[in-house]
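Visitor: Next one to model:
(2 chains)
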Amino acid sequence: MSQQIWGNPQRWDAAEWQSEATWADRFMYIDPYFWSYFGVALALATSIIGASWGIFVTGVSLLGSTVKAPRIRSKNLISVIFCEAVAIYGVIMAIIMIGKIGPIEDIPTEQNGINVCYTYALYCGYSLFWTGVSVGLSNLICGIAVGVTGSGCAISDAQTPETFVKILVVEIFGSALGLFGVIVGIIQCSGATFPKVCPSA
Amino acid sequence: MDLCVFGVDDGYAEAIIRGLRASFLTEAQYQQMKNCASIPELKSFLEETDYQNCLQADNPQIPTSILRQRLKKKLADEFEYIEAQSTGILTKYLFHLRCRFMIDNVVNMIEGLKNKIDIEILLSNIDPLGWFPEIKNIKVLEGDDYSSLYRDVLIDTPIGVYFMKFLEESIENLHENRTLNDIQNLFREMKPEYIRTSLKKMWLEDFYSFCESELMPTSQEALLELLKFEADFKTVQVIYNSIGNRDLNTAAKIITTRKQLCPTIGNLYPDCEKVYLQAMTLDALREAVKGCDNYRDLLKDAPDPLKREEFNVQTKTLDDIMYDDECRRYALSFDGQGSYGVFYAYLKLKEQEIRNIIWLAEMISRKLAKNHPGWKKIIIPFSHLGK
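Guide: Modelled structure (predicted):
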């Protein structure tokens, strides 16, 4: 089987490739750029799903309780802001991750160099993908948690004003979860920049 | 997962109820009401609370019956608003809640028609919570033909199904060679309390099965407990009222009446059924219920029904004791989020509040002395929670 895989535009037409490649080969040769952009999409989209879930759950209760208790209006917007923060975490991570993706200008010609280059690119790709998963999923659940707590906060504030600050503490703890995801994500993708020039063997 | 998706359909309606919960009168306000010297003073006090708009159009010396109508109309309007904002299962649920008031209205109208009261007066006295469009069709046809009233008019109403079940049950209790006249007489002479209790029992059982089949687990948790307690309350009431009742003179008659009127849901059914059906004294009743919950403590202080003639304003009747416990439970059900129990509890507690206000209005209008024990007879919602 021809060892020249990456950078060779005819690789997928090679008959020997198509007949001899195993599933492990096919998996390994999924393009690293696919992994990295998928990671960006996951980080962004699932964080926003979590944030919007939280906002609609909170917003509904906020609207309903304001009908009879208008005083809670401004104070309880803070729950919505906490949910929004979760979406912002997702955007920040996505921007950081996009900054690390870039084309490789100079792919070497001999096989050894290609393998090293490809390995390095795979490292960056996987790193960005799993960063996206860890940030995205943690923000998803964090957004739901803050949202449900926020709706309880609005409701109990309408009923008994003294409970507002106490439930806000619960919400703050909830929003810290998203922050954990972001911190670990930043560390995870810190060394994963696609190189402009392939590292030599 | 209920909590995550409850807000989608029902969050708004529940949040409105939470806001309305703050509109209940507090203990301090009840004290101020007790200190009012006359009805106009009470009216101006009420206008500063949440009831402000509904009393503005009337003159200060408002009669108690009109006061009650206004307060109930306000509650009915709020409930209609909530029903309009609800969707899906919640709408069905809220409509089901209102069927109880429809039963009251229809029974009152039929009684009124029997006593030849003018239909306009009857229509103005109906409970606005139980209003439905077909209520105007209830009138007696020529010849006092009640059975056709039951068959043709009532079957179209939302509570028609309960009436039909009731008819079938009462007809099968008659002996074999019954004639049309027998049926007419049966309906003409049946006591309204009997009809009311039977219909409400059927409504409660129907409501219970609705809750069991259609609601989410969080709602079921709260509601099924409340409904079971209400069913037990009804059972105990029926047995208590039938002890020493002059109309039920044979043991067989007592047992059949009880079987008909006691609901088949609740903690007391079917475990204690045999025992309480046979209970002929208060002590036997206490024996029957002692296994369940805190019913034994509740019945400990209940006055003996055989000495009914000795009751005066001071005795704490069984009704008072059980209303007290009911209010405690309804107040507790407000502590859970994402459940339909709050709608039910709100309705019941608001009714209790209206009863309290009307009772105080009556006490004030009779100008009774402040140390009269009747002043203590009100049960204040949420007072058990120590707020």
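
Visitor: Any regions of the stretch 51-200 of chain B where pLDDT drops low?
Guide: B:139-147, B:173-184, B:186-187 (pLDDT under 70).

Visitor: Looking at it, which residue is nearest chain A?
Guide: residue B:85 (8.1 Å; C-beta to the nearest C-beta). C-beta: built from backbone N, CA, C; applies to glycine.

Visitor: gap between that residue and residue B:276?
Guide: 42 Å (C-beta to C-beta, to the nearest Å).

Visitor: Let's verify the residue in chain A that chain B sits nearest to: helix, strand, or coil?
Guide: Here chain A gets closest to chain B at one residue, residue A:64, 2.5 Å apart by C-beta to the nearest C-beta. Following DSSP: H, G, I helix; E, B strand; the rest coil, we place residue A:64 in the helix state.

Visitor: Excluding residues flanking it in the chain, which one is nearest the closest residue to chain A within the stretch 201-350 of chain B?
Guide: For the stretch 201-350 of chain B and chain A, the shortest gap (C-beta to the nearest C-beta) falls at residue B:337, measuring 5.3 Å. Excluding the flanking residues, the one nearest residue B:337 by C-beta to C-beta, 6 or more residues apart in numbering or on different chains is residue A:152, at 5.3 Å.

Visitor: and that neighbour, what helix or strand is that in?
Guide: Residue A:152 is part of helix A:111-159 when elements are defined by DSSP states H and E.

Visitor: contacting residues around residue A:140?
Guide: By C-beta atoms under 8 Å, 6 or more residues apart in numbering or on different chains, the contact list for residue A:140 reads A:46-47, A:49-50, A:53.

Visitor: if you set the cut-off to 6 Å instead, what comes out?
Guide: Contact partners of residue A:140, counting by C-beta atoms under 6 Å, 6 or more residues apart in numbering or on different chains, are A:46, A:49-50.

Visitor: Got a ChimeraX select line for the buried ones in the residues you listed?
Guide: Here is the ChimeraX command that picks out the buried ones among the contacts of residue A:140, judged by 16 or more other C-beta atoms under 10 Å in any protein chain shown:
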select /A:46,49,50
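
Visitor: now the helices for chain A?
Guide: Remark: helices assigned in chain A by DSSP state H are A:15-20, A:23-28, A:32-68, A:77-99, A:111-159, A:164-188.

Visitor: now those as JSON lines including distance to residue B:44?
Guide: Below are the helices of chain A laid out as JSON lines (distance: least, C-beta to C-beta, whole Å):
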{"stretch": "helix A:15-20", "distance to residue B:44": "92"}
{"stretch": "helix A:23-28", "distance to residue B:44": "81"}
{"stretch": "helix A:32-68", "distance to residue B:44": "23"}
{"stretch": "helix A:77-99", "distance to residue B:44": "37"}
{"stretch": "helix A:111-159", "distance to residue B:44": "27"}
{"stretch": "helix A:164-188", "distance to residue B:44": "33"}
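
Visitor: Figure out which of these is closest to residue B:113.
Guide: With distances scored as C-beta to C-beta, the stretch of the helices of chain A nearest to residue B:113 is helix A:32-68 (39.7 Å).

Visitor: Show me what the closest one is packed up against.
Guide: Where contact means 3 or more C-beta pairs under 6 Å, 6 or more residues apart in numbering or on different chains; DSSP states H and E, helix A:32-68 is packed against helix A:77-99, helix A:111-159, helix B:2-21.

Visitor: Which residue is the nearest non-sequential neighbour of the residue nearest the centre of chain A?
Guide: Per C-alpha atoms, centre = their mean, the C-alpha nearest to the average position across chain A is that of residue A:43, at 1.5 Å. The shortest distance from residue A:43 to any residue other than its chain neighbours is 4.0 Å, reached at residue A:132 (C-beta to C-beta, 6+ apart).

Visitor: What residues does chain B have near chain A?
Guide: B:3-4, B:7, B:11-12, B:15-16, B:18-22, B:337 (C-beta under 6 Å from any C-beta of the partner chain).

Visitor: And the helices in the stretch 1-150 of chain B, which stretches?
Guide: In the stretch 1-150 of chain B, the helices defined using DSSP state H, counting those that start in this stretch lie at B:2-21, B:27-34, B:39-46, B:64-85, B:89-114, B:119-124, B:146-148.

Visitor: so which of these is the most packed in?
Guide: Across the helices of the stretch 1-150 of chain B, averaging neighbours per residue (mean count of other C-beta atoms under 10 Å in any protein chain shown) puts helix B:2-21 on top, at a mean of 21.

Visitor: Once you drop chain neighbours, what's closest to the residue in the stretch 1-150 of chain B positioned nearest to chain A?
Guide: Nearest residue of the stretch 1-150 of chain B to chain A, counting by C-beta to the nearest C-beta: residue B:15, 2.5 Å away. Nearest residue to residue B:15, sequence neighbours excluded (C-beta to C-beta, 6+ apart): residue A:64, at 2.5 Å.

Visitor: Which residues are in contact with that neighbour?
Guide: Applying C-beta under 6 Å, 6+ apart, the residues near residue A:64 are B:12, B:15-16.

Visitor: ok, now residue B:299?
Guide: When contacts are counted by C-beta under 6 Å, 6+ apart, residue B:299 is found next to residue B:286.

Visitor: Mind listing what's buried along the helix or strand harbouring it?
Guide: Using DSSP H and E, residue B:299 maps to helix B:295-300. Using 16+ other C-beta under 10 Å as the test for burial, helix B:295-300 gives B:295, B:298-299.
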